[in-house]
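Trainee: Sequence first, predicted coordinates after that:
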Amino acid sequence: MGLQLFVAGGTEIITTLKRNGIKIFLDLKFHDIPTTVAKASIEAVKLGVDMFTLHASRGLNMMKASLEACDSFCQKGSSPLPQILAVTAPTSYDELILQKELGIHLPVDQYSLHLTKLALTAGLHGAITSVGEISFLRKQVPPGFLLITPGIRPSGGPLHDQ
């Protein structure tokens, strides 16, 4: 469930889908200070989501805070820990955006690799990646680390936008 559907349907749609046995991948890409993201992550756990995303570009401390808060909450309440996934380089990023707008002087694949390794260090379950990066990244991470491409464009759809 992405941002547009979440804003339109709110938490009620998650509750309804969960009640009907549907697994939820909450793709809201949390990106804020560690405490705020940790608290938002716990709210995602309370909703019963199976997976959710956060932006790796917010840094190691934020990713660790999210995982630690969720793990602690789940252990206290015997809730299952959702898989927490890091968004690395959105598919709309190119070298121009990275260098000129964000001041990051790495090729997109190296930036994605750097953030994937941060997510791995933080203990997250996986990363969101483009189809073009999966083979490259798979060689750099252990076998149990998830690499997921959630948005595949339909034929004829706009490029670099999912």
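Mentor: Happy to help now that I have it. These numbers were taken from a predicted model, which means no experiment stands behind them.
Trainee: Is the spatially most central residue of the chain in a helix, a strand, or coil?
Mentor: In the chain, the residue lying closest to the centroid (CA atoms, centre = their mean) is residue 53, at 2.5 Å. Put simply, residue 53 is strand when judged by DSSP: H, G, I helix; E, B strand; the rest coil.
Trainee: residue contacts, it?
Mentor: Applying CB atoms under 8 Å, 6 or more residues apart in numbering, we find residue 53 in contact with 26-30, 84-87, 128. In short, each C-beta sits where N, CA and C put it, glycine included.
Trainee: out of these, who's nearest residue 57?
Mentor: Checking the contacts of residue 53 against residue 57 with CB to CB, the nearest one is residue 87 at 8.0 Å.
Trainee: hang on, the earlier thing: from residue 145, how far off is the residue nearest to the centre of the chain?
Mentor: 15 Å (CB to CB, to the nearest Å).
Trainee: cool, residue 64 as well?
Mentor: Taking CB to CB, one finds residue 64 at 16 Å from residue 145.
Trainee: what's the closest non-adjacent residue to residue 140?
Mentor: residue 113 (5.9 Å; CB to CB, 6 or more residues apart in numbering).
Trainee: Let me see the ranges of the helices in this protein.
Mentor: 3-19, 34-47, 60-77, 95-96, 108-122, 131-138 (DSSP state H).
Trainee: hmm, back to that, can you put the contacts of residue 53 in JSON lines and add pLDDT, neighbour count and distance to residue 13?
Mentor: JSON lines is the format used below for these (pLDDT from 0 to 100; neighbours: other CB atoms under 10 Å; distance: CB to CB, whole Å):
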{"residue": "26", "pLDDT": "94", "neighbour count": "21", "distance to residue 13": "11"}
{"residue": "27", "pLDDT": "93", "neighbour count": "21", "distance to residue 13": "14"}
{"residue": "28", "pLDDT": "94", "neighbour count": "18", "distance to residue 13": "13"}
{"residue": "29", "pLDDT": "94", "neighbour count": "19", "distance to residue 13": "18"}
{"residue": "30", "pLDDT": "95", "neighbour count": "22", "distance to residue 13": "18"}
{"residue": "84", "pLDDT": "98", "neighbour count": "24", "distance to residue 13": "21"}
{"residue": "85", "pLDDT": "97", "neighbour count": "25", "distance to residue 13": "20"}
{"residue": "86", "pLDDT": "96", "neighbour count": "26", "distance to residue 13": "24"}
{"residue": "87", "pLDDT": "93", "neighbour count": "23", "distance to residue 13": "21"}
{"residue": "128", "pLDDT": "92", "neighbour count": "26", "distance to residue 13": "21"}
